[in-house]
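**Student:** prediction below, plus the sequence it came from.
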Amino acid sequence: MLVKQISVFVENSKGKLSRVTEILAQNGINLRALSIADTTDFGILRLIVQNPEKAYDVLKQNGVTVKTTDVIVVKINDRPAALHNVLARLSEADIAVEYMYAFVGKERDAAYVIIKSDNSEKAVKELSKGGITVVPAKDIYEM
């Protein structure tokens with residue numbers, strides 16, 4: 001149920017982000033979702049990609065500082081309180097959310113939320129018990 005996220009450390013200067021996307025494009029790796037957080041000197045680009053193992057390898061081979069992290073992806077309906085229900089369930093189970101970001105898929109009236117928690121296995125169990133759809137990695141990679 002866990003999805004491999006690629007985290008890339010990118011110098012905060014012209015052309016560095018484009019270099020990462022160029023490497024992925026040249027190797028036929030499609031992006032599913034992304035988030036970037038920056039500081040004055042560098043940014044952390046977080047990516048969900050079609051083929052995380054290949055993405056990791058080609059980025060590493062090209063001198064990019066990269067790592068993989070397991071994250072959870074949940075599918076929520078586009079309605080009030082949908083995200084709150086996910087976060088409340090995690091909070092009630094004493095699971096911290098380290099960060100999260102979202103993307104929309106091809107399905108209408110739904111969104112996908114990527115969650116990095118302090119206990120992914122427990123989070124998956126709690127979310128599933130609460131009727132929240134935890135999306136398998138294969139389904140995300142094949143979108």
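**Tutor:** Yep, that arrived.
**Student:** now do the buried residues in the helix or strand of the chain with the lowest mean pLDDT.
**Tutor:** One helix or strand of the chain scores below all others by mean pLDDT, DSSP states H and E: strand 31-38, with a mean of 92. For strand 31-38, a neighbour-count test (16 or more other Cβ atoms under 10 Å) marks 32-35 as buried. In this view, the C-beta of every residue, glycine as well, is placed from N, C-alpha and C.
**Student:** what sits up against the helix or strand that it is followed by?
**Tutor:** Moving toward the C-terminus from strand 31-38, the next helix or strand (DSSP states H and E) is strand 42-49. Here strand 42-49 makes contact (Cβ atoms under 8 Å, 6 or more residues apart in numbering) with 3, 5-12, 17, 20, 24, 29-38, 55, 69, 71, 73, 101, 103, 114, 140-141.
**Student:** any idea of the mean pLDDT in strand 42-49?
**Tutor:** For strand 42-49, mean pLDDT rounds to 95.
**Student:** partner strands of it, parallel or antiparallel?
**Tutor:** Pairing partners of strand 42-49, with direction, according to DSSP bridges: strand 3-11 (antiparallel), strand 31-38 (antiparallel).
**Student:** next SSE downstream of the longest one?
**Tutor:** Helices and strands here follow DSSP H and E; after strand 3-11, the next one along the chain is helix 16-26.
**Student:** follow-up on the earlier one: chain center to the least confident helix or strand of the chain: distance?
**Tutor:** Computed by Cα atoms, centre = their mean, to the nearest Å, the chain-centroid distance of strand 31-38 equals 8 Å.
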